[in-house]
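Student: structure here, sequence nowhere to be found:
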C-alpha cells in the first residue's frame, strides 16, 4: 500500500524534473543560438565557451590574474577586436572590446553604467553606499577640493612635502642592499605610493616607510584580505571585519586630526580639510557624515595606490630586461636635473616643474601600463540591440561588455611590435603617433580615474629618485612557474587589487658604485 501511495508522487516528481530539464534545454539552445555566426572561440551547444575559458584558467600558473586569460584566448583563436564569450549559465556572457572606437562609444559618446560584478569585493573596507556614490556621473564634479589635489600643479607644489618619504624609501633600499638578501619589493612600493597619496591629500605623512611603522602592517593586513574568492571571504569574514575595523579607527583619527589642524590654522590647509569645509557649507553632509565620507575617500586612495604599485614593480622588471632603456632614462635624469645626487634633490625642491621635462621617463611608465593593461572595465549592456559606430554594427547579445586594455595594447595594427618594450612610441612627436583612444589605462569619459595625473607623477618621481642609485634585479626561484613570455614569463601578473609581479617580485637590491 505504501508503495502504491508513493506512485503518484513519484510520477509527479519525474514529470516535474523532466519538464524543468526540457525548459532548461530549450533555454540553453535558444541562448546558444544567439551566438551563431558571431566571432567567438570554439563554441558548442552544451557549454558555449565555458570549456575554452576553463581550459585557459587551468593551464595558468598559480595565482595568475585570470582576466588576462582573455588576451590568451584572443591570440590563440585569432579573434577580431570585438568578440564574444558565451559563459552562461555559470558566469555572465561577455562582449570583449579591444577596439578603440567601440570603447570610446561606450565610455564617452554614449556612456554606459559601470558593471559591479562583485559589490562585496571591497566590503567591508568600502560601504556599498559609497561605491554607489562613486559610480554616479557627477561624483567628480561634486568633489572639486579632492580633485584639485590630483592635478599636476598640486603634485608639483607638494613635491617638497614628499622628501621625508622619499628619503625613507632610499634608506630602506640601502638597508636591503646591505643585507645581501632577496626582498619582495611589492610591499615597499605599495607603502611608497600610499605615502604619496596621503601627503598630497592630508598634507602630512602616514610614515609607512619607517621600519617601525605602526600603521603599515594595519593597512597591509586589510589589503591582504581583498580578493575575488567568495569562499575565502566567507571563511575569513570575521578576521576581515576585525582588520577593517582596526584600519577604519586609525583613518578616522587621522582625518579628524587633519580637520582639527586645518581649523586651528597650524599648517597650510590640506585638500581633505578644504573638502570637509566645502561639504559642510553646501549642506550636503553634517560633520560626522563628512568625516565618514573622507575616510572612505582615503580608503579609495589606498586601493588605487595598490594598483599603481603594481605598475611600479613592472617598471623595474621591464627596465631590467631592457638595459638600453634603463641607460637612456638615467641619462635623461642627468641631463634634466644633475649627475650629482645632492644637486638633483636641491633642484627637485627648488624647481619641481623640471619633472615635466622627463619625457622619456614618462614614456617608460606609459609603455609599462600599455604592456600590463592594468585590467579593464566592465560595462552594462542592453541585449537585443545593436551598437553602431563608424559604419560597423556589433550585435549586443550579452549583458556585459569588457573593455580589455591588455588586448587593445597588444594589437599590432595599433602598436607595432606590440610585445616589445619600446617607450619611444610615447615620446612627443613619435611616428607613428599613438592611435586615438587606444591607450586608456585609466579609462576615459565620466568614469575615468581622477587620480591618473598623481599616479603618473608618483611613478616618474620614484624612478627619478631610485634608478641611478640602485639596481633592482628580479630573482625568481629556479624552475619557477611561467606564463607566456609576452606576459612576463616567470614575472607573470598575479591579482592583488590589480596586476602585480607574482610572489611580490623578489629582488636583489644593489647600490650602484657610481651613484
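Tutor: Cool, the structure landed. All of these numbers come straight from a predicted model, not from anything done at the bench. Numbers count the residues shown, from 1 in each chain.
Student: so residue 260 is in which element?
Tutor: Under the criterion DSSP states H and E, the helix or strand holding residue 260 is helix 237-264.
Student: buried ones in that helix, by neighbour count?
Tutor: The neighbour-count check on helix 237-264 (16 or more other C-beta atoms under 10 Å) flags 240, 243-244, 247-248, 250-251, 254-255, 258-259, 261-262 as buried. Where C-beta positions appear, they are placed from N, C-alpha and C, glycine not excepted.
Student: what's the answer for stretch 506-515, then?
Tutor: The neighbour-count criterion (16+ other C-beta under 10 Å) identifies 506, 507, 508, 509 as the buried residues of stretch 506-515.
Student: and the residue found closest to residue 510 once you drop the neighbours it is linked to in the chain, what does it touch?
Tutor: Spatial nearest neighbour of residue 510, chain neighbours left out: residue 471 (4.4 Å); criterion: C-beta to C-beta, 6 or more residues apart in numbering. With contact set as C-beta atoms under 8 Å, 6 or more residues apart in numbering, residue 471 has these partners: 320, 509, 510, 512.
Student: quick one on the thing from earlier: which of the buried residues of stretch 506-515 fall in strands?
Tutor: Mapping the buried residues of stretch 506-515 onto strands (DSSP state E) picks out 506, 507, 508, 509.
Student: dump those to JSON lines, plus pLDDT.
Tutor: As requested, those are arranged in JSON lines below (pLDDT from 0 to 100):
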{"residue": "506", "pLDDT": "93"}
{"residue": "507", "pLDDT": "95"}
{"residue": "508", "pLDDT": "95"}
{"residue": "509", "pLDDT": "96"}
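Student: which one of those is nearest residue 370?
Tutor: For those, the residue nearest residue 370 by C-beta to C-beta is residue 507; the value is 22.8 Å.
Student: the closest one contacts residue 181, correct?
Tutor: No - with contact defined as C-beta atoms under 8 Å, residue 507 and residue 181 do not form a contacting pair (10.3 Å).
Student: what's the neighbour count on residue 450?
Tutor: A total of 18 residues lie near residue 450 under the criterion other C-beta atoms under 10 Å.
Student: er, residue 309 actually
Tutor: Counted with other C-beta under 10 Å, residues neighbouring residue 309 total 28.
Student: start at 19 instead
Tutor: Fine by me, first position is 19 from now on; the one you just mentioned is residue 327.
Student: now do the contacts for it.
Tutor: Taking C-beta under 8 Å, 6+ apart as the test, what residue 327 contacts is 204, 207, 208, 210, 211, 518.
Student: can I take it that it is in a helix?
Tutor: Yes - under DSSP: H, G, I helix; E, B strand; the rest coil, residue 327 sits within a helix.
Student: could you check how far it is from residue 514?
Tutor: Between residue 327 and residue 514 the computed distance is 9 Å (C-beta to C-beta, to the nearest Å).
Student: hey, what's in contact with both of the two?
Tutor: Common neighbours of residue 327 and residue 514 (criterion: C-beta under 8 Å, 6+ apart): residue 204.
Student: closest to residue 454 out of the contacts of residue 489?
Tutor: Taking the contacts of residue 489 together and measuring to residue 454 by C-beta to C-beta, the closest member is residue 338, at 32.2 Å.
Student: about what we covered before: need the buried residues of helix 255-282 in CSV (columns: distance to residue 316).
Tutor: Supplementary listing: the buried residues of helix 255-282 in CSV, determined by distance: C-beta to C-beta, whole Å:
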residue, distance to residue 316
258, 19
261, 16
262, 13
265, 10
266, 10
268, 10
269, 5
272, 7
273, 7
276, 10
277, 12
279, 15
280, 15
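Student: strands of the stretch 119-268 of the chain, start to end?
Tutor: When assigned using DSSP state E, counting those that start in this stretch, the strands of the stretch 119-268 of the chain occupy the ranges 201-202.
Student: any weak-confidence spans in it?
Tutor: Of all residues in the stretch 119-268 of the chain, those with pLDDT under 70 make up the ranges 129-142, 145-147, 149-164, 243-252.
Student: got it, and the stretch 369-518 of the chain?
Tutor: Residues of the stretch 369-518 of the chain that meet the criterion pLDDT under 70 lie in 393, 402, 465.
Student: at 50 instead, please
Tutor: By pLDDT under 50, the stretch 369-518 of the chain has no low-scoring segment.
Student: what ranges does it have for its helices?
Tutor: Taking DSSP state H, counting those that start in this stretch as the criterion, the stretch 369-518 of the chain contains helices spanning 377-390, 423-427, 470-484.
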